[in-house]
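Asks: okay, sequence plus prediction incoming.
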Amino acid sequence: MSTSQTAPIAFLKGHGTENDFVVVPDPDNAIALSARAVAALCDRRAGIGGDGLLHVVRSAAHPEARAMADDAEWFMDYRNADGSIAEMCGNGVRVFARHLQRAGHVEAGDLAVATRAGVKRVYLAAGSDGPGGADGDITVRMGRALLPGDEGVSVSVGDRTWPARHVDMGNPHAVAFVEDLAHAGSLHSAPAVTPASAYPAGVNAEFVVDVGPRHLAMRVHERGSGETRSCGTGACAVAVAAARRDGLDPAVTGAPVTYTVDLPGGRLVITELPDGSVEMAGPAVIVAEGYIDPVWCETAIA
(Lines give C-alpha, C1' and ligand atoms only; values in the text may rest on other atoms or scores of the structure.)
Protein backbone atom coordinates (compact mmCIF):
# COMPACT_ATOMS: atom_id res chain seq x y z
CA MET A 1 0.00 0.00 0.00
CA SER A 2 1.46 3.34 -0.95
CA THR A 3 2.88 5.10 2.10
CA SER A 4 1.74 8.37 0.53
CA GLN A 5 -1.84 7.41 1.26
CA THR A 6 -3.21 10.02 3.71
CA ALA A 7 -6.93 9.24 3.97
CA PRO A 8 -8.27 6.21 5.84
CA ILE A 9 -8.81 3.25 3.50
CA ALA A 10 -12.14 1.42 3.61
CA PHE A 11 -12.09 -2.35 4.11
CA LEU A 12 -14.46 -5.22 4.84
CA LYS A 13 -13.91 -8.65 6.34
CA GLY A 14 -15.72 -11.67 4.92
CA HIS A 15 -15.51 -15.41 4.62
CA GLY A 16 -16.72 -18.31 2.51
CA THR A 17 -16.93 -21.51 4.58
CA GLU A 18 -14.44 -19.84 6.97
CA ASN A 19 -11.87 -19.14 4.24
CA ASP A 20 -11.53 -15.49 5.27
CA PHE A 21 -10.47 -12.38 3.40
CA VAL A 22 -9.68 -8.73 3.79
CA VAL A 23 -11.73 -6.90 1.15
CA VAL A 24 -10.42 -3.58 -0.17
CA PRO A 25 -12.93 -1.74 -2.42
CA ASP A 26 -10.98 0.34 -4.93
CA PRO A 27 -13.10 0.82 -8.10
CA ASP A 28 -10.63 3.18 -9.78
CA ASN A 29 -7.49 1.16 -8.88
CA ALA A 30 -6.14 4.12 -6.94
CA ILE A 31 -4.56 2.16 -4.07
CA ALA A 32 -1.09 0.71 -4.61
CA LEU A 33 -1.07 -2.63 -2.77
CA SER A 34 2.46 -3.88 -2.32
CA ALA A 35 3.17 -7.47 -1.28
CA ARG A 36 4.40 -6.17 2.09
CA ALA A 37 1.19 -4.22 2.65
CA VAL A 38 -0.98 -7.23 1.81
CA ALA A 39 1.02 -9.46 4.15
CA ALA A 40 0.72 -6.87 6.93
CA LEU A 41 -3.06 -6.57 6.47
CA CYS A 42 -3.48 -10.37 6.45
CA ASP A 43 -1.36 -10.84 9.59
CA ARG A 44 -3.68 -12.35 12.22
CA ARG A 45 -1.90 -10.78 15.18
CA ALA A 46 -0.62 -7.44 13.96
CA GLY A 47 -3.09 -6.75 11.15
CA ILE A 48 -6.72 -7.40 10.26
CA GLY A 49 -6.11 -11.07 9.51
CA GLY A 50 -7.12 -13.22 6.57
CA ASP A 51 -6.22 -16.10 4.28
CA GLY A 52 -5.96 -13.57 1.46
CA LEU A 53 -6.97 -10.16 0.20
CA LEU A 54 -9.65 -9.27 -2.35
CA HIS A 55 -8.82 -6.03 -4.16
CA VAL A 56 -12.10 -4.92 -5.79
CA VAL A 57 -11.38 -2.98 -8.99
CA ARG A 58 -13.34 -2.14 -12.12
CA SER A 59 -11.87 -4.16 -14.96
CA ALA A 60 -11.42 -1.11 -17.16
CA ALA A 61 -9.17 0.46 -14.50
CA HIS A 62 -6.75 -2.46 -14.13
CA PRO A 63 -4.09 -3.28 -16.76
CA GLU A 64 -4.48 -7.03 -16.20
CA ALA A 65 -8.24 -6.91 -16.73
CA ARG A 66 -8.92 -4.27 -19.38
CA ALA A 67 -9.22 -6.91 -22.09
CA MET A 68 -12.07 -8.50 -20.08
CA ALA A 69 -13.91 -5.25 -19.35
CA ASP A 70 -16.54 -5.78 -22.06
CA ASP A 71 -17.49 -9.13 -20.48
CA ALA A 72 -17.09 -8.32 -16.78
CA GLU A 73 -17.31 -4.90 -15.12
CA TRP A 74 -15.45 -6.00 -11.98
CA PHE A 75 -11.98 -7.56 -11.55
CA MET A 76 -10.99 -9.69 -8.54
CA ASP A 77 -7.34 -8.76 -7.98
CA TYR A 78 -6.63 -11.61 -5.56
CA ARG A 79 -3.57 -11.83 -3.30
CA ASN A 80 -2.43 -14.65 -1.04
CA ALA A 81 -1.79 -13.94 2.64
CA ASP A 82 1.96 -13.63 2.02
CA GLY A 83 1.32 -10.92 -0.56
CA SER A 84 1.92 -13.07 -3.62
CA ILE A 85 -0.44 -12.82 -6.58
CA ALA A 86 -2.76 -15.76 -7.33
CA GLU A 87 -4.79 -16.65 -10.40
CA MET A 88 -8.08 -17.53 -8.74
CA CYS A 89 -9.83 -18.23 -5.43
CA GLY A 90 -13.17 -20.02 -5.42
CA ASN A 91 -14.29 -18.98 -1.95
CA GLY A 92 -12.90 -15.53 -2.61
CA VAL A 93 -14.99 -14.96 -5.72
CA ARG A 94 -18.15 -15.73 -3.73
CA VAL A 95 -17.18 -13.20 -1.05
CA PHE A 96 -16.25 -10.75 -3.82
CA ALA A 97 -19.72 -11.15 -5.34
CA ARG A 98 -21.39 -10.81 -1.93
CA HIS A 99 -19.57 -7.51 -1.37
CA LEU A 100 -20.70 -6.18 -4.77
CA GLN A 101 -24.28 -7.14 -3.93
CA ARG A 102 -24.10 -5.63 -0.43
CA ALA A 103 -22.62 -2.40 -1.82
CA GLY A 104 -25.47 -2.10 -4.31
CA HIS A 105 -23.30 -2.60 -7.39
CA VAL A 106 -25.18 -5.76 -8.45
CA GLU A 107 -28.47 -7.48 -7.64
CA ALA A 108 -29.41 -11.12 -7.20
CA GLY A 109 -29.05 -13.10 -10.41
CA ASP A 110 -26.23 -13.51 -12.88
CA LEU A 111 -22.89 -11.74 -12.54
CA ALA A 112 -19.61 -11.92 -14.47
CA VAL A 113 -16.34 -11.49 -12.52
CA ALA A 114 -12.96 -11.05 -14.19
CA THR A 115 -10.07 -12.97 -12.63
CA ARG A 116 -6.52 -13.85 -13.67
CA ALA A 117 -7.95 -17.25 -14.61
CA GLY A 118 -10.49 -15.64 -16.96
CA VAL A 119 -14.09 -14.48 -16.58
CA LYS A 120 -16.11 -16.48 -14.04
CA ARG A 121 -19.91 -16.64 -14.17
CA VAL A 122 -21.58 -16.20 -10.80
CA TYR A 123 -25.19 -16.64 -9.73
CA LEU A 124 -26.42 -14.97 -6.53
CA ALA A 125 -29.54 -16.63 -5.21
CA ALA A 126 -32.47 -14.43 -4.21
CA GLY A 127 -33.33 -14.02 -0.54
CA SER A 128 -29.90 -12.79 0.57
CA ASP A 129 -31.23 -10.51 3.27
CA GLY A 130 -29.59 -11.96 6.37
CA PRO A 131 -26.64 -10.41 8.24
CA GLY A 132 -23.98 -9.65 5.67
CA GLY A 133 -26.31 -10.95 2.97
CA ALA A 134 -25.79 -14.48 4.23
CA ASP A 135 -29.03 -16.25 3.38
CA GLY A 136 -28.60 -17.22 -0.27
CA ASP A 137 -25.90 -19.53 -1.59
CA ILE A 138 -23.72 -18.30 -4.41
CA THR A 139 -22.96 -20.55 -7.37
CA VAL A 140 -19.82 -20.01 -9.42
CA ARG A 141 -19.15 -21.48 -12.85
CA MET A 142 -15.47 -22.21 -12.23
CA GLY A 143 -14.50 -23.23 -15.76
CA ARG A 144 -13.06 -26.50 -16.97
CA ALA A 145 -10.75 -28.66 -14.92
CA LEU A 146 -7.54 -29.50 -16.76
CA LEU A 147 -6.12 -32.94 -16.06
CA PRO A 148 -2.50 -33.18 -17.19
CA GLY A 149 -1.28 -36.69 -17.97
CA ASP A 150 0.07 -39.05 -15.32
CA GLU A 151 3.40 -37.57 -14.27
CA GLY A 152 3.99 -39.78 -11.26
CA VAL A 153 3.11 -36.93 -8.90
CA SER A 154 3.27 -37.77 -5.20
CA VAL A 155 2.72 -35.89 -1.94
CA SER A 156 4.62 -36.66 1.27
CA VAL A 157 4.10 -35.78 4.92
CA GLY A 158 6.61 -37.21 7.37
CA ASP A 159 7.25 -40.84 6.45
CA ARG A 160 3.99 -41.20 4.49
CA THR A 161 3.74 -40.74 0.72
CA TRP A 162 0.64 -40.88 -1.47
CA PRO A 163 0.12 -40.73 -5.22
CA ALA A 164 -1.59 -37.49 -6.22
CA ARG A 165 -3.77 -36.41 -9.11
CA HIS A 166 -2.69 -33.22 -10.86
CA VAL A 167 -5.76 -31.03 -11.43
CA ASP A 168 -5.66 -27.45 -12.70
CA MET A 169 -8.62 -25.18 -11.89
CA GLY A 170 -6.93 -22.03 -13.14
CA ASN A 171 -4.51 -22.64 -10.30
CA PRO A 172 -2.62 -25.92 -9.63
CA HIS A 173 -3.69 -28.70 -7.26
CA ALA A 174 -2.23 -32.01 -6.13
CA VAL A 175 -5.06 -34.23 -4.82
CA ALA A 176 -4.18 -37.18 -2.58
CA PHE A 177 -6.70 -39.73 -1.27
CA VAL A 178 -5.74 -40.86 2.25
CA GLU A 179 -7.10 -43.17 4.94
CA ASP A 180 -7.26 -40.53 7.68
CA LEU A 181 -7.14 -36.74 7.40
CA ALA A 182 -4.96 -36.66 10.52
CA HIS A 183 -2.20 -38.30 8.47
CA ALA A 184 -1.67 -34.96 6.75
CA GLY A 185 -0.20 -33.68 10.02
CA SER A 186 0.30 -29.96 10.44
CA LEU A 187 -0.25 -28.24 7.12
CA HIS A 188 1.20 -24.94 8.24
CA SER A 189 4.22 -25.77 6.09
CA ALA A 190 3.91 -27.03 2.54
CA PRO A 191 3.96 -30.82 2.09
CA ALA A 192 6.70 -32.22 -0.12
CA VAL A 193 5.47 -32.69 -3.69
CA THR A 194 7.44 -34.53 -6.37
CA PRO A 195 8.48 -34.04 -9.05
CA ALA A 196 8.98 -30.35 -8.40
CA SER A 197 8.91 -29.77 -12.17
CA ALA A 198 5.17 -30.60 -12.19
CA TYR A 199 4.44 -27.38 -10.26
CA PRO A 200 7.03 -24.72 -11.10
CA ALA A 201 4.95 -21.98 -9.44
CA GLY A 202 4.03 -24.02 -6.35
CA VAL A 203 0.86 -25.98 -5.66
CA ASN A 204 -2.17 -26.32 -3.42
CA ALA A 205 -2.17 -29.78 -1.82
CA GLU A 206 -5.46 -31.52 -0.88
CA PHE A 207 -5.85 -34.56 1.36
CA VAL A 208 -9.16 -36.37 0.92
CA VAL A 209 -11.18 -39.14 2.57
CA ASP A 210 -14.50 -40.73 1.58
CA VAL A 211 -17.44 -40.02 3.87
CA GLY A 212 -20.14 -41.75 1.81
CA PRO A 213 -21.35 -42.12 -1.76
CA ARG A 214 -20.24 -38.97 -3.61
CA HIS A 215 -19.49 -37.39 -0.25
CA LEU A 216 -15.92 -36.36 0.61
CA ALA A 217 -14.02 -34.58 3.36
CA MET A 218 -10.74 -32.76 2.84
CA ARG A 219 -7.96 -30.64 4.30
CA VAL A 220 -5.79 -28.33 2.24
CA HIS A 221 -2.49 -26.51 2.25
CA GLU A 222 -2.84 -23.42 0.08
CA ARG A 223 0.37 -22.09 -1.39
CA GLY A 224 1.20 -18.74 0.14
CA SER A 225 -1.31 -19.15 2.98
CA GLY A 226 -0.70 -22.47 4.77
CA GLU A 227 -3.60 -24.63 5.95
CA THR A 228 -6.91 -22.85 5.43
CA ARG A 229 -10.39 -23.70 6.66
CA SER A 230 -11.64 -24.03 3.10
CA CYS A 231 -10.50 -23.81 -0.53
CA GLY A 232 -13.07 -23.47 -3.30
CA THR A 233 -10.84 -24.35 -6.23
CA GLY A 234 -9.44 -27.18 -4.11
CA ALA A 235 -12.92 -28.59 -3.50
CA CYS A 236 -13.53 -28.48 -7.26
CA ALA A 237 -10.25 -30.26 -7.95
CA VAL A 238 -11.06 -32.88 -5.33
CA ALA A 239 -14.52 -33.56 -6.81
CA VAL A 240 -13.13 -33.97 -10.33
CA ALA A 241 -10.32 -36.22 -9.11
CA ALA A 242 -12.83 -38.34 -7.18
CA ALA A 243 -15.11 -38.61 -10.21
CA ARG A 244 -12.28 -39.92 -12.37
CA ARG A 245 -11.20 -42.31 -9.63
CA ASP A 246 -14.80 -43.55 -9.47
CA GLY A 247 -14.95 -44.01 -13.24
CA LEU A 248 -17.27 -41.04 -13.80
CA ASP A 249 -16.82 -38.54 -16.64
CA PRO A 250 -19.80 -36.33 -17.57
CA ALA A 251 -18.25 -35.61 -20.97
CA VAL A 252 -18.56 -39.32 -21.74
CA THR A 253 -21.87 -40.15 -20.03
CA GLY A 254 -23.68 -36.87 -20.76
CA ALA A 255 -24.89 -36.74 -17.15
CA PRO A 256 -23.69 -34.22 -14.54
CA VAL A 257 -21.86 -35.54 -11.48
CA THR A 258 -22.25 -33.92 -8.06
CA TYR A 259 -20.08 -34.39 -4.97
CA THR A 260 -20.61 -32.91 -1.52
CA VAL A 261 -17.30 -31.77 -0.07
CA ASP A 262 -16.91 -31.14 3.67
CA LEU A 263 -14.12 -28.81 4.72
CA PRO A 264 -13.09 -27.73 8.22
CA GLY A 265 -14.99 -24.48 7.67
CA GLY A 266 -18.17 -25.80 6.10
CA ARG A 267 -19.67 -27.56 3.10
CA LEU A 268 -19.50 -26.94 -0.65
CA VAL A 269 -21.44 -28.70 -3.38
CA ILE A 270 -19.50 -29.31 -6.58
CA THR A 271 -21.06 -30.34 -9.91
CA GLU A 272 -19.17 -31.24 -13.07
CA LEU A 273 -21.31 -30.72 -16.18
CA PRO A 274 -21.23 -32.61 -19.49
CA ASP A 275 -19.55 -29.64 -21.22
CA GLY A 276 -16.62 -30.05 -18.83
CA SER A 277 -17.33 -26.97 -16.72
CA VAL A 278 -17.42 -27.18 -12.94
CA GLU A 279 -19.92 -25.41 -10.68
CA MET A 280 -19.36 -24.66 -7.02
CA ALA A 281 -22.19 -23.67 -4.66
CA GLY A 282 -21.77 -22.39 -1.12
CA PRO A 283 -22.25 -19.50 1.30
CA ALA A 284 -20.45 -16.16 1.54
CA VAL A 285 -20.74 -13.74 4.45
CA ILE A 286 -19.58 -10.18 5.10
CA VAL A 287 -18.94 -9.89 8.86
CA ALA A 288 -17.45 -6.43 9.38
CA GLU A 289 -16.40 -3.19 7.74
CA GLY A 290 -14.28 -0.26 8.79
CA TYR A 291 -11.25 1.83 7.92
CA ILE A 292 -7.54 1.11 7.85
CA ASP A 293 -5.60 3.77 9.70
CA PRO A 294 -3.08 5.44 7.36
CA VAL A 295 -0.55 5.91 10.16
CA TRP A 296 -0.67 2.19 10.87
CA CYS A 297 -0.13 1.56 7.15
CA GLU A 298 3.00 3.66 7.11
CA THR A 299 4.32 2.01 10.29
CA ALA A 300 3.46 -1.56 9.29
CA ILE A 301 5.24 -1.47 5.93
CA ALA A 302 8.04 0.96 6.76
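Replies: Happy to help now that I have it.
Asks: so Gly276 sits against Arg144, correct?
Replies: Yes - with contact defined as CB atoms under 8 Å, Gly276 reaches Arg144; the gap is 4.4 Å. (Each C-beta comes from the backbone N, C-alpha and C, glycine too.)
Asks: how is this structure divided into domains?
Replies: 9-137+284-300, 154-281 (automatic domain parsing).
Asks: now stretch 256-264: buried residues?
Replies: Val257, Tyr259, Thr260, Val261, Asp262, Leu263, Pro264 (16 or more other CB atoms under 10 Å).
Asks: can I get those residues in TSV with pLDDT and secondary structure?
Replies: Shown next, in TSV, are the buried residues of stretch 256-264 (pLDDT from 0 to 100; DSSP: H, G, I helix; E, B strand; the rest coil):
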residue	pLDDT	secondary structure
Val257	98	strand
Tyr259	98	strand
Thr260	98	strand
Val261	98	strand
Asp262	98	strand
Leu263	97	strand
Pro264	96	coil
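Asks: reformat those as a markdown table; add distance to Gly118.
Replies: Below are the buried residues of stretch 256-264 laid out as a markdown table (distance: CB to CB, whole Å):
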| residue | distance to Gly118 |
| --- | --- |
| Val257 | 23 |
| Tyr259 | 23 |
| Thr260 | 26 |
| Val261 | 23 |
| Asp262 | 28 |
| Leu263 | 24 |
| Pro264 | 28 |
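Asks: Ala281 and Leu54: what is the separation?
Replies: Here Ala281 is placed at a distance of 19 Å from Leu54 (CB to CB, to the nearest Å).
Asks: actually Ala241, not the one I typed
Replies: For Ala241, the distance to Leu54 - CB to CB - is 27 Å.
Asks: again, but for Asn80
Replies: Distance from Asn80 to Leu54, by CB to CB: 11 Å.
Asks: next: Ala114.
Replies: 13 Å.
Asks: overlap in contacts of the two?
Replies: Met76 (CB atoms under 8 Å, 6 or more residues apart in numbering).
Asks: can you give me the helices in the stretch 151-300 of the chain?
Replies: 232-245, 250-253, 294-300 (DSSP state H, counting those that start in this stretch).
Asks: avg pLDDT for the last one?
Replies: What it means is helix 294-300. Across helix 294-300, pLDDT averages out at 83.
Asks: one more: the first one?
Replies: Model confidence over helix 232-245 averages 96 on the pLDDT scale.
Asks: just to check, Pro191 is in contact with His221?
Replies: Yes - contact criterion CB under 8 Å: Pro191 and His221 qualify, at 6.0 Å.
Asks: which residues in the stretch 101-250 of the chain form strands?
Replies: 109-115, 118-124, 138-144, 154-157, 160-163, 165-168, 172-177, 192-194, 204-212, 215-222, 226-227 (DSSP state E, counting those that start in this stretch).
Asks: Gly92: which of those strands is closest?
Replies: Comparison of the strands of the stretch 101-250 of the chain against Gly92 by CB to CB identifies strand 109-115 as nearest, at 8.9 Å.
Asks: only the buried residues of that closest one, if you could.
Replies: Leu111, Ala112, Val113, Ala114, Thr115.
Asks: pull the number of nearby residues for Leu273.
Replies: 16 (other CB atoms under 10 Å).
Asks: wait, Gly104
Replies: 7.
Asks: hang on, Met218 packs against Gly265?
Replies: No - contact between Met218 and Gly265 fails when scored by CB under 8 Å: they sit 11.1 Å apart.
Asks: the two: which is more packed in?
Replies: Met218 (28 against 19).
Asks: middle-most residue in this protein, spatially?
Replies: Closest residue to the average C-alpha location of the chain: Cys89 at 2.2 Å, with CA atoms, centre = their mean.
Asks: hang on, it packs against Thr233?
Replies: Yes - with contact defined as CB under 8 Å, Cys89 counts as touching Thr233 (6.8 Å).
Asks: now do the contacts for the residue nearest to the centre of the chain.
Replies: So Cys89 contacts Asn19, Gly52, Leu54, Met76, Tyr78, Gly232, Thr233 (CB under 8 Å, 6+ apart).
Asks: show me what Gly143 bridges to in the sheet.
Replies: When assigned by DSSP bridges, Gly143 has beta-bridge partners Val278.
Asks: right, and it touches Glu279 too?
Replies: No - assessed by CB under 8 Å, Gly143 is found out of contact with Glu279, at 10.0 Å.
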